[in-house]
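Colleague: Okay, sequence plus prediction incoming.
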Amino acid sequence: MNVYLFPTELEATPFRALCPDATIVVSGVGTVATSATIAKLYRAGSIGEGCVVVLAGLAGSYDAELGYGEVVEVVEERCAELPERFQQRYSNMPHTTLRTVKSNTVHATSAALGAQIENMEGATFFAMAEMMGFRAVEVRAISNRVGESFDKWHLDEALEALAKELKEIEYAE
């Protein structure tokens, strides 16, 4: 069974239109909302061992080689805002044929620190998957360059590409 987790309804809506029978959950933005939603799903038995949970959404890019609307799979996350001695990297094996990237989970724009993209939920998602035993796949569409004002984001392009790619992905074992 696949469960699709989106931080916002904005990110979920195009995929919901393409795949109305998919199990879609809107978690809320950020690490706290995401971890609380995952814990609730786990406690209810909606996710667990043998389940594939796909965290899908938008991301900002540090890397100019990643084009607007490009859909990528995140294979490494870390909480960029923690002091280095407290940072933990969370790694994941690729589960798709998408280009793979490293990401920072942030609450405010931060330095790239070796990452190609940033988002606000990924590190907690990988940490929860590791603890709870579900297969985690993080898929992001590039909507902006980190630091760009919201009016310059390529929302429609990124949301459409994300929904189409999610519909086509077959998750590798």
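Modeller: Received the coordinates, thanks.

Colleague: In this protein, where is pLDDT below threshold?
Modeller: Judged by pLDDT under 70, the chain has its weakly predicted residues at 80-88, 90, 102, 104-113, 172-173.

Colleague: All the strands of it, residue numbers only.
Modeller: Secondary structure of the chain by DSSP state E: the strands cover 2-6, 23-26, 52-61, 71-79, 89-91, 99-105, 117-119, 135-145.

Colleague: Could you export the ones you listed as a markdown table, including distance to residue 17 and mean neighbour count?
Modeller: Using the backbone N, CA and C atoms, a C-beta is placed for each residue, glycine as well. Formatted as a markdown table, the strands of the chain follow (distance: least, Cβ to Cβ, whole Å; neighbours: other Cβ atoms under 10 Å):
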| stretch | distance to residue 17 | mean neighbour count |
| --- | --- | --- |
| strand 2-6 | 13 | 21 |
| strand 23-26 | 11 | 18 |
| strand 52-61 | 14 | 24 |
| strand 71-79 | 17 | 23 |
| strand 89-91 | 31 | 15 |
| strand 99-105 | 25 | 22 |
| strand 117-119 | 23 | 24 |
| strand 135-145 | 16 | 24 |
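
Colleague: would you list those in JSON lines and tack on distance to residue 12?
Modeller: Formatted as JSON lines, the strands of the chain follow (distance: least, Cβ to Cβ, whole Å):
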{"stretch": "strand 2-6", "distance to residue 12": "4"}
{"stretch": "strand 23-26", "distance to residue 12": "5"}
{"stretch": "strand 52-61", "distance to residue 12": "8"}
{"stretch": "strand 71-79", "distance to residue 12": "15"}
{"stretch": "strand 89-91", "distance to residue 12": "23"}
{"stretch": "strand 99-105", "distance to residue 12": "20"}
{"stretch": "strand 117-119", "distance to residue 12": "15"}
{"stretch": "strand 135-145", "distance to residue 12": "13"}
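
Colleague: for these, which one sits closest to residue 46?
Modeller: Proximity to residue 46 (Cβ to Cβ) singles out strand 2-6 among these, at 6.6 Å.
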